[in-house]
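Asks: Sequence and predicted structure are below.
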Amino acid sequence: MNDTANSGGEILVRVNGVTKTYRRGGETVNVLSGLMLEVPRGDLLALMGPSGSGKSTLLNLVGGIDRPTSGSIEFAGQRLEQMNESELARWRARHVGFIFQMHHLLPMLTAQDNVELPLLLTGLPAAERRRRAAAALKLVGLEDRVKHKPAELSGGQEQRVGIARAIVTDPDILLCDEPTGDLDRKSGDAILDLLQALNRDHGKTVLMVTHAPHAASRAKRTLHFDQGVLATQSKP
């Protein structure tokens, strides 16, 4: 199945006939089966489906963390499977921001220091790293929490720090794996508001894996996975 938004805009991500298999003991497990998908720049796309259907695997492939067994993934015309590991690391640092269900913040570092971490790969001077981290924290509404450590923040605030860390390099795409899954409804809604604002006001393309229908309802499109293939689409 080939799934494309009807916007007619530039295609940022193109997944061409991708399969992904793993070996588990003596068994071959098929996670993705000939997947075809196009994601226009500026899309906000929710991926739904049961556990094990391939949603998070797709995020890892689009983010260059994993490689397809067969098929290809193009990002703005670049073939990810043709890059070596060091090329992929540099590419991820420039183009991709990851947002996880668990915040993965370093507990001994302040919010600002956690947000600065991706910038350590860029060679920017320390003063510029601090400026960009402070700007990212302001954008997510935490300008008054820059010196707080994770233990001094609420769960929703920790997730905002995680989002600030994801956007501090000004990536083209945000890959979100259950970004509200560990939050109460009020905190989760605030995070969804923020993701929508990043998409609407700052042009960030967002791919979001979620099990929550209320989270998926915030997306421009929702795609449903079933046993490694795309089953249905809503909000065309």
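Replies: Received the coordinates, thanks.

Asks: and Asn16, that's in a strand?
Replies: Yes. Applying DSSP: H, G, I helix; E, B strand; the rest coil, one finds Asn16 inside a strand.

Asks: what's around the closest residue to it other than its chain neighbours, how many residues?
Replies: Here the nearest residue to Asn16 in space, its sequence neighbours aside, is Ser72; by Cβ to Cβ, 6 or more residues apart in numbering that works out to 4.7 Å. C-betas here are computed from N, CA, C, even on glycine. Other residues near Ser72 number 14, with proximity taken as other Cβ atoms under 10 Å.

Asks: hang on, Ser72 packs against Arg79?
Replies: Yes. Taking contact to mean Cβ atoms under 8 Å, the distance of 5.7 Å between Ser72 and Arg79 places them in contact.

Asks: Any regions of this protein where pLDDT drops low?
Replies: Within the chain, the set of residues satisfying pLDDT under 70 comprises 1-8, 232-236.

Asks: show me where it has helices.
Replies: Secondary structure of the chain by DSSP state H: the helices cover 55-62, 85-95, 111-116, 126-139, 155-167, 185-202, 213-216.

Asks: And those helices: which comes nearest Ser33?
Replies: Each of the helices of the chain was scored for nearness to Ser33 using Cβ to Cβ, and the closest is helix 55-62 (11.3 Å).

Asks: May I see the buried residues of the closest one?
Replies: Taking 16 or more other Cβ atoms under 10 Å as the neighbour-count basis, helix 55-62 is seen to contain the buried residues Lys55, Ser56, Thr57, Leu58, Leu59, Leu61, Val62.

Asks: need those residues in TSV with distance to Leu142, can you?
Replies: What follows is the buried residues of helix 55-62, written out as TSV (distance: Cβ to Cβ, whole Å):
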residue	distance to Leu142
Lys55	29
Ser56	27
Thr57	32
Leu58	30
Leu59	25
Leu61	31
Val62	27
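
Asks: So in terms of bridging, what pairs with the residue nearest to Leu195 when sequence neighbours are not counted?
Replies: Leaving out its chain neighbours, the residue that sits closest to Leu195 by Cβ to Cβ, 6+ apart is Val206, at 5.7 Å. As for beta bridges, Val206 partners with Leu44, Leu174 under DSSP bridges.

Asks: give the contact list for Val206.
Replies: The contact partners of Val206, by Cβ atoms under 8 Å, 6 or more residues apart in numbering, come to Asp43, Leu44, Leu45, Ile173, Leu174, Cys176, Leu195, Leu198, Asn199, Ala219.

Asks: To Val13, which of the helices of the chain lies closest?
Replies: helix 55-62 (5.7 Å).

Asks: I'm done for today, thanks for sticking with me.
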